[in-house]
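Enquirer: Structure here, sequence nowhere to be found:
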């Protein structure tokens, strides 16, 4: 029979590994000084954007990252910290974190990982200013639709000219 501490370590480690497998990346935050109700609000807000805040012992997080070959994030894991795993869109999670940080200056963004690229604080802040995927898709559709619409107008004008020309020829032959 295993001890409770060993079970907690194994469960936490396996949960981190599962989250790595299903998410596009993570952001590490230090939350020392942020109240528990505020952390609950942050968790709920992140959950709505498809991200999860997971608090784990630093030693477990370091061990798992070393096992997974992500040594670049190990220096970021100090003092009470949480890992925010985002599954769908990193922009939404970074936007929520940056907005929350403006209201709660005790929250510190340490860095993160997006697929295989390490993220700095500046990268996370830049990502928070980007438009969402839906807005970018809309812009692409508008950009693609513009030239096509202009082409249709040009073709339509050419057809009108041909019809007018043929009508004039018909009228001149009937006279």
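Expert: Sure, I can see it. What you see is a predicted model; the values in this text were computed from it and never measured.

Enquirer: Give me the distance from the top helix by length along the chain to the chain's centre.
Expert: Longest helix in the chain, counting residues (DSSP state H): helix 133-174. Centre-to-centre, helix 133-174 and its host chain are 39 Å apart (Cα atoms, centre = their mean, to the nearest Å).

Enquirer: do the same with stretch 12-28
Expert: Going by Cα atoms, centre = their mean, where stretch 12-28 is centred and where its chain is centred differ by 15 Å.

Enquirer: can you pull the buried residues of it?
Expert: For stretch 12-28, the buried set under the neighbour-count rule, 16 or more other Cβ atoms under 10 Å, comprises 12-13, 15-16, 19-20, 23, 25-28. The way it works is simple: take the backbone N, C-alpha and C, and place the C-beta from them, glycine included.

Enquirer: can you check stretch 74-90 too?
Expert: The neighbour-count criterion (16+ other Cβ under 10 Å) identifies 76-77, 81-86, 89-90 as the buried residues of stretch 74-90.

Enquirer: and what of stretch 115-132?
Expert: Neighbour counts over stretch 115-132 (16+ other Cβ under 10 Å) mark 119, 123-124, 127-128 as buried.

Enquirer: need those in a markdown table with secondary structure, pLDDT and distance to residue 139, can you?
Expert: Below are the buried residues of stretch 115-132 laid out as a markdown table (DSSP: H, G, I helix; E, B strand; the rest coil; pLDDT from 0 to 100; distance: Cβ to Cβ, whole Å):
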| residue | secondary structure | pLDDT | distance to residue 139 |
| --- | --- | --- | --- |
| 119 | strand | 86 | 24 |
| 123 | helix | 88 | 22 |
| 124 | helix | 87 | 23 |
| 127 | helix | 86 | 17 |
| 128 | helix | 86 | 18 |
